[in-house]
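[1] Kindly return the folded structure for what I paste below:
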Amino acid sequence: MRSDERIGIFYDNLRAKLRDGLWFRMGHLRDASSWHQESPAAIALPDTQEIALRAAIEAGYYDPPRETTLDEIAADLDVPRSTLSYRLRQAESTLLHQYIEDTEATRWLE
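    Numbering: from 1, shown residues only. The predicted structure follows:
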């Protein structure tokens, strides 16, 4: 479904749910498809987690098929494998929880 179709449905649903005598006016509307994409940028990770995550992404750790191993990334960062694994899990947890919370908060738009 295109975003303009979603907007039309949203507008119709909102109008249908208003009690008698209430009305609304939409002044400005922008593309809502970028809301989810903007959310993660606002999430602040500790430097150590961000460095680990960026290194893993750049090395292809999250690409299918995986292009590297934790051992290789840990060696590049000069940290123990267990430390790298912990930092990645913490960063992933933070990002995923925020994504799910944002998705739940805006699910009614879909």
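
[2] in the helix ranked longest in the chain, what counts as buried?
    As assigned by DSSP state H, the longest helix anywhere in the chain is helix 81-106. When neighbours are counted by 16 or more other C-beta atoms under 10 Å, the buried residues of helix 81-106 are found to be 84, 87-88, 90-91, 94-95, 102. (Each C-beta comes from the backbone N, C-alpha and C, glycine too.)

[3] What of stretch 65-74?
    Across stretch 65-74, burial judged by 16+ other C-beta under 10 Å covers 68, 70, 73-74.

[4] Might you report the residue contacts of D71?
    Applying C-beta atoms under 8 Å, 6 or more residues apart in numbering, we find D71 in contact with R81.

[5] One more pass at 10 Å, please.
    If you count contacts by C-beta atoms under 10 Å, 6 or more residues apart in numbering, D71 has them with 81, 84.

[6] now R54: how far from L45?
    According to C-beta to C-beta, to the nearest Å, R54 stands 10 Å off from L45.

[7] Now do the shared contacts for the two.
    Common neighbours of R54 and L45, using C-beta under 10 Å, 6+ apart, are A91.

[8] These two: who's more crowded?
    Neighbours around R54 and L45, counted as other C-beta atoms under 10 Å, are more numerous at L45. The numbers are 17 against 12.
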